[in-house]
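Colleague: Give the three-dimensional model of this entry:
(chains A, B, C and D)
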2 protein chains.
Amino acid sequence: MTRQRQLIFDLIMAAPEHRTAEEIYDLARAEMPSLARGTVYRNLGLLVREGQIRKLEMPDAPARYDRERRPHPHLVCERCGKVEDLVMPDGLLRPFALELGEDITGYDLKLYHLCPVCRKKA
Amino acid sequence: MTRQRQLIFDLIMAAPEHRTAEEIYDLARAEMPSLARGTVYRNLGLLVREGQIRKLEMPDAPARYDRERRPHPHLVCERCGKVEDLVMPDGLLRPFALELGEDITGYDLKLYHLCPVCRKKA
DNA sequence: CCGCCTTTTAGGATTCATTCCTAATTTATT
DNA sequence: AATAAATTAGGAATGAATCCTAAAAGGCGG
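Modeller: Coordinates of the predicted model:
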């Protein structure tokens, strides 16, 4: 566990925001100006593979990273891309499990809306 | 409506596969060798904006295009990326509508599994 | 069918997120 | 502290997608 990996991990764990790699890079460089962009990407990938954090693919935008490791749906603003965590209601995917035979290994559920800030602008 | 746009549209409508832009480009060039890659991307974007087809963003892979315009969930093989359409059970998202106040503008639901071909290999 | 205006195309350059490369440094181990 | 293994900085490379421009095609009114 290197200083740079620790820093990246801490930054993600410190706040509920779903940041992009670039945002994490900028934040981290405020504390460690020599940090390389590639190091951020490599460690994010590593943390995801270890199951410590989650990667959130965003349509037509860079991926975001989520400190919450348990699977859950997301509410995404279709204008600005802001992301909020949602709670998965019990048994919501049951109809699919019944149809497909329980061999679902994961899911990705995004709901789109206009966040209050973007609604006001429009 | 140009020959190239018609060709791209026809190729998507002709088969249920969820192809990438590159696959569509290859198929189209078999019939029209002078077709430019940019023309494929531009027309796919155009067809999506018109609501004629749907764009499916795929994790760590190029986007795929779906001839079915009505919103619906997808079953995705986490190994090879093959995509199948699913039927959305009535009222599945109701719990969220109740919680969030009906202002959901769209959704994206992907279920991941291993397709039979990839299961056999593993 | 003809000219005129608008849209679209081919082809290549460009962008942007992300990955890869290598020598130098850091971390972990003995 | 010495050595082996892993990681870093920095920049080059990749790949999907977009953008640019001059040339070609569509589409219309006559």
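
Colleague: From A:Q4, how far off is whatever residue of chain A ends up closest to DNA strand C?
Modeller: DNA strand C sits closest to A:G38 of chain A, with a gap of 2.9 Å, by CB to the nearest atom of the strand. Every residue, glycine included, has its C-beta placed from N, CA and C. Remark: distance between A:G38 and A:Q4 (CB to CB, to the nearest Å) = 11 Å.

Colleague: Counting neighbours, go ahead and name the busier of these two.
Modeller: Using other CB atoms under 10 Å in any protein chain shown as the criterion, A:G38 and A:Q4 rank with A:Q4 on top: 17 against 9.

Colleague: Surely that one touches A:T39?
Modeller: Yes - because the distance of 5.4 Å satisfies CB atoms under 8 Å, A:Q4 is recorded as touching A:T39.

Colleague: Put the alpha carbons of the helix or strand where the residue of chain A closest to DNA strand C lies into PDB.
Modeller: Using DSSP states H and E, the secondary-structure element containing A:G38 is helix A:37-50. Output in PDB follows, covering the C-alpha atoms of helix A:37-50 (Å, rounded to 0.1, in the frame of the first residue of the first chain):
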ATOM      1  CA  ARG A  37      -2.600  10.600 -14.000                       C
ATOM      2  CA  GLY A  38      -1.800   7.000 -14.900                       C
ATOM      3  CA  THR A  39      -1.300   6.200 -11.200                       C
ATOM      4  CA  VAL A  40      -4.800   7.400 -10.500                       C
ATOM      5  CA  TYR A  41      -6.300   5.300 -13.200                       C
ATOM      6  CA  ARG A  42      -4.300   2.200 -12.300                       C
ATOM      7  CA  ASN A  43      -5.200   2.400  -8.600                       C
ATOM      8  CA  LEU A  44      -8.900   3.100  -9.300                       C
ATOM      9  CA  GLY A  45      -8.900   0.000 -11.500                       C
ATOM     10  CA  LEU A  46      -7.100  -2.000  -8.800                       C
ATOM     11  CA  LEU A  47      -9.500  -0.900  -6.000                       C
ATOM     12  CA  VAL A  48     -12.500  -1.800  -8.200                       C
ATOM     13  CA  ARG A  49     -11.000  -5.300  -8.900                       C
ATOM     14  CA  GLU A  50     -10.500  -5.800  -5.200                       C
END
